[in-house]
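Participant: Pasting the sequence and the predicted coordinates here, then a few questions.
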Amino acid sequence: MSANGKLNGSGHAAVESVAAAVPVLSRASLIRSVSAWLGGNRLGLAVIALIVGAGAGLGAAVFRELIYAVTWLATGYTQFGQQGHAPSLHLPALGILFVLVIPVVGGLLYGPLIQRFAKEARGHGVPEVMLAVAENGGRIRPQVSIVKALASAICIGTGGSVGREGPIVQIGAAFASTLGQRVRMSENRLRIIVACGAAGGIAATFNAPVTGLFFGFEIVLREFSLDALFATSLAAVTGDVISRAFFGSAPFFTQVPHGLVVPIDSAYLLVAVLALAAGLIGVAFKTFLYWLEDFVDELWRGRPEWARPAVGGVALGLVLLALPQMYGVGYPVMGKALAGQYALWFIVILMLGKVLASSLTLSIGGSGGVFAPSLFIGAMLGMAFGTVAHNLFGPAIGPPAMYAVVAMGGVFAAAAQAPLTAIASVAEMTGNFGLTLPIMLACGIAAAVSKQLSYGNIYTTKLLRRGIDIERPKTTSVLQRLTVADVMQPIPHPEGHPPRLRPQKPRAEPDAIRDELWARVAGPVTDTRQPQELFGDETLEQALRQLTVYDHDGLPVVSHDRQHLTGWITRADVLQTLANSMSSSAAEIEHGAIAADFAVQDPKALAHTPSTPLSGYEIIEITITPESPALGRQAGNIAWPPGSLIVAIGEGHEITPVRNDTELHAGERIILLAPTASHLDPS
């Protein structure tokens, strides 16, 4: 009985040992399967879009409350500016002079925060998201969400005259990018998911899902596809539903009169004139913003960037001392103006003051958006225009508030050169869908004026000044129409099935042992590098970007579950497909990839480091010499180390596909995909 007991005990121990090992394997397999499904399945894209939309909605709600909290700490009010020259309830001894102190204190807080943890959080945020989508495959660092939220809340709450839509776009996009990278989505889908984060954030911030959808397409993604439309719509609706649970379903601008219409057809002539003015003002706002930024850059040259917001806060404080209505986002002030509580001369002062205060906030290194300032400037322009027209032509041409609503869209359409987003935003945010026709007219004319007068909008100009033109003419449509699977080189396999990726059990051999093993088999190792993975359903545009940045000789094409090597693609394959139409793309792509990296001091040094490396593998390059054991032999007859797969043969700059009967000659380079040194089994 004792013996049986011992036997049973050992049996139980064995079973427990196996049971303990199985969950680890099954969990890893489950995570890999779920990631592959989310990253490569249309339904998986929908699930991620819903999660991103919900996250952006919650982020928008938290961010708004965070701004209110910081504003209350600084002023004693959750919103400040409409009170005029009122003292802070927490600093009554300073009176109105507290506005000279608060921006400096705010700058001392958010300046070092941005400089230390996320430099891309400086400014209005949207250009950085556009750059990540256009040039970096949708990759945004995870910490940007937190840093942007804190920095922007402090900046706006302590007097920064900027909007909250830019920060929430960057917050939502960073959250989406982080999630997409965690499930290892292809670049094509990661870019869509980032647009979903932007769309969900805008929809939640302004209770405007259609605006969020257009913003994601027209400004962030800048291209159209059914998958993108499907996912972005889900994210925008989800973000809006989450926001309504916190803030209700009323239009964002509750102070604007509802039911506004154009009373007579001849008023459309006035709308057209107003649209021309809005186009000029939108261009002037963009021009002044970057002129002032250049001026401040020159003044601050050679000084520490972390201190720039605090020192510049003195100048911002002087503006607020003269015009406290510029404090913060300014929506309550807009409401009072649209309600007719300000004189004409003061409305003009408010318009000019917003141009100055917003430009100054961003020039000194503040963090916030330009969407809200554009709406503010447009509302003041339209209100002033409507008041003058009302005095000249009488009440028959409509109330001034109608022209204010129209001009809100016109100025933003001109500044951002995004008429669809402008049309949807004004109609949804004010609830005046009866003004859709005049808004369309104004936004179309204003955007056309802006396009005629300047290249680049208020977002892309920031990138143009860094030498990045994301609006440059794209490569031919072949790049978007064909996929990697259409042009990749299949890998030969005796059974006719895609070879399986099976890294060996990790071992501790140093690189020297690996090199000796390869030398015995084929010849000396002349180079090693870690590969970047590609998927068969990615477009040639995405493939060319990765080939240019990471490896000119080629990259492995793997299945979505990363279990099989389905092919090998080289830059020559893509260029052969496109003939000579791609000759100028390589330098632009590499330059864009470098500009999109804010994480290091010298991004150029790391530009060719794979952002999503194929774990456990490296690209081995062997040069055949007259003494090489592989000289004169056929590639398929060589006993390559376990797990290694020959993918291409190069001579000079030419890379050609490999076949099993390919004979190896001196001077040729053999390119293989092989387990890393720690995974290689020398036995």
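Facilitator: That came through fine. Remember, predicted model here, so these are calculated numbers, not experimental data.
Participant: which ones are touching the residue nearest in space to the middle of the chain?
Facilitator: Centroid-nearest residue in the chain: Val129, 2.7 Å away (criterion: CA atoms, centre = their mean). Shown in contact with Val129 (CB atoms under 8 Å, 6 or more residues apart in numbering): Ile140, Val169, Gln170, Ala173, Val194, Ala198, Val220. Yep, even glycine has a C-beta here, placed from its N, CA and C like the rest.
Participant: now Tyr617
Facilitator: By CB under 8 Å, 6+ apart, the neighbours of Tyr617 are Leu501, Pro503, Gln530, Pro531, Pro556, Leu673, Ala674, Pro675, Thr676, His679.
Participant: Quickly check these for the two that are furthest apart.
Facilitator: Farthest pair in those (CB to CB) is Pro556 and His679. Separation: 15.2 Å.
Participant: now the helices for the stretch 451-600 of the chain?
Facilitator: Ranges of helices within the stretch 451-600 of the chain are 460-464, 478-481, 484-487, 511-521, 540-550, 571-578, 585-595, based on DSSP state H, counting those that start in this stretch.
Participant: got it, and the stretch 301-450 of the chain?
Facilitator: Under DSSP H, counting those that start in this stretch, the stretch 301-450 of the chain gives helices at 308-322, 331-338, 344-363, 371-393, 400-416, 419-430, 436-453.
Participant: Going by neighbour count, list what's buried in the fifth one.
Facilitator: Think helix 400-416. Buried residues in helix 400-416, counted by 16 or more other CB atoms under 10 Å: 400-416.
Participant: any weak-confidence spans in this protein?
Facilitator: 1-31, 39-40, 472-478, 493-497, 503-509, 579-607, 677-683 (pLDDT under 70).
Participant: any idea how far stretch 121-132 is from the chain center?
Facilitator: 7 Å (CA atoms, centre = their mean, to the nearest Å).
Participant: got it, and stretch 556-569?
Facilitator: 27 Å.
Participant: repeat for stretch 659-666
Facilitator: 45 Å.
Participant: Flag every buried residue along it.
Facilitator: Neighbour count says stretch 659-666 has Thr662, Leu664 buried, by 16+ other CB under 10 Å.
Participant: And the contacts of it?
Facilitator: Under CB under 8 Å, 6+ apart, the answer for stretch 659-666 is 492, 624-626, 628, 630-637, 649, 670.
Participant: which of the residues you listed tops the neighbour count?
Facilitator: The residue in the contacts of stretch 659-666 with the most neighbours, by other CB atoms under 10 Å, is Ile670 (26 neighbours).
Participant: isn't there a strand covering that residue?
Facilitator: Yes: under DSSP: H, G, I helix; E, B strand; the rest coil, Ile670 sits within a strand.
Participant: Which strand residues bridge it?
Facilitator: Beta-bridge pairing of Ile670 under DSSP bridges involves Ile622, Ile649.
Participant: Which residues are in contact with it?
Facilitator: Ala522, Gly523, Glu621, Ile622, Thr623, Ile624, Ala630, Ala635, Ile646, Ile649, Leu664 are the contacts of Ile670 under CB under 8 Å, 6+ apart.
Participant: swap the cut-off to 10 Å and go again
Facilitator: Going by CB atoms under 10 Å, 6 or more residues apart in numbering, Ile670 touches 518, 522-523, 526, 620-624, 628, 630, 635, 638, 640, 646-650, 658, 662, 664.
Participant: Also Ile638?
Facilitator: Val521, Ala522, Pro629, Ala630, Ser644, Ile646, Asn660, Leu664, Ile670.
Participant: One more: Ala310?
Facilitator: Pro103, Val104, Val105, Gly106, Gly107, Leu108, Leu109, Tyr110, Gly111, Pro112, Ile364, Gly365.
Participant: burial of the closest residue to it other than its chain neighbours, as a residue count?
Facilitator: Nearest non-adjacent residue to Ala310, counting by CB to CB, 6 or more residues apart in numbering: Gly107, 3.5 Å away. Gly107 has 28 neighbouring residues, counting by other CB under 10 Å.
Participant: Just give the closest residue to the residue nearest to the centre of the chain, not the sequence neighbours.
Facilitator: Spatially, and ignoring its direct neighbours in sequence, Val129 is nearest to Ala173 (4.5 Å; CB to CB, 6+ apart).
Participant: wait, isn't Met380 in contact with Trp345?
Facilitator: No: counting by CB atoms under 10 Å, Met380 stays clear of Trp345, with 11.6 Å between them.
Participant: which phi and psi does the closest residue in space to Ala414 that isn't next to it in sequence have?
Facilitator: Leaving out its chain neighbours, the residue that sits closest to Ala414 by CB to CB, 6+ apart is Gly282, at 2.5 Å. Torsion angles at Gly282 (phi, psi; degrees, to the nearest 10) stand at phi -60, psi -40.
Participant: List the contacts of Gly282.
Facilitator: Counting by CB under 10 Å, 6+ apart, Gly282 makes contact with 374, 377-378, 381, 407, 410-417, 422, 446-447, 449-450, 453-454, 457-458.
Participant: From Phe393, how far out is Ser266?
Facilitator: As judged by CB to CB, to the nearest Å, Ser266 and Phe393 stand 9 Å apart.
Participant: more neighbours, these two?
Facilitator: Phe393 (14 against 11).
Participant: Grab the nearest non-local neighbour of the more buried one.
Facilitator: According to CB to CB, 6+ apart, the nearest residue to Phe393 is Leu270 (8.0 Å).
Participant: Now for the one you found: which residues touch it?
Facilitator: 262, 264, 385-386, 389, 392-393, 397-398, 402-403, 406, 438.
Participant: chain center to the helix or strand harbouring Ala236: distance?
Facilitator: Element membership for Ala236, per DSSP states H and E: helix 226-247. Its chain's C-alpha centre and that of helix 226-247 lie 17 Å apart, by CA atoms, centre = their mean.
Participant: helices or strands up against it?
Facilitator: Packing partners of helix 226-247 (3 or more CB pairs under 10 Å, 6 or more residues apart in numbering; DSSP states H and E): helix 42-75, helix 165-182, helix 187-206, helix 209-214.
Participant: To Thr539, which of the ones you listed lies closest?
Facilitator: helix 187-206 (6.0 Å).
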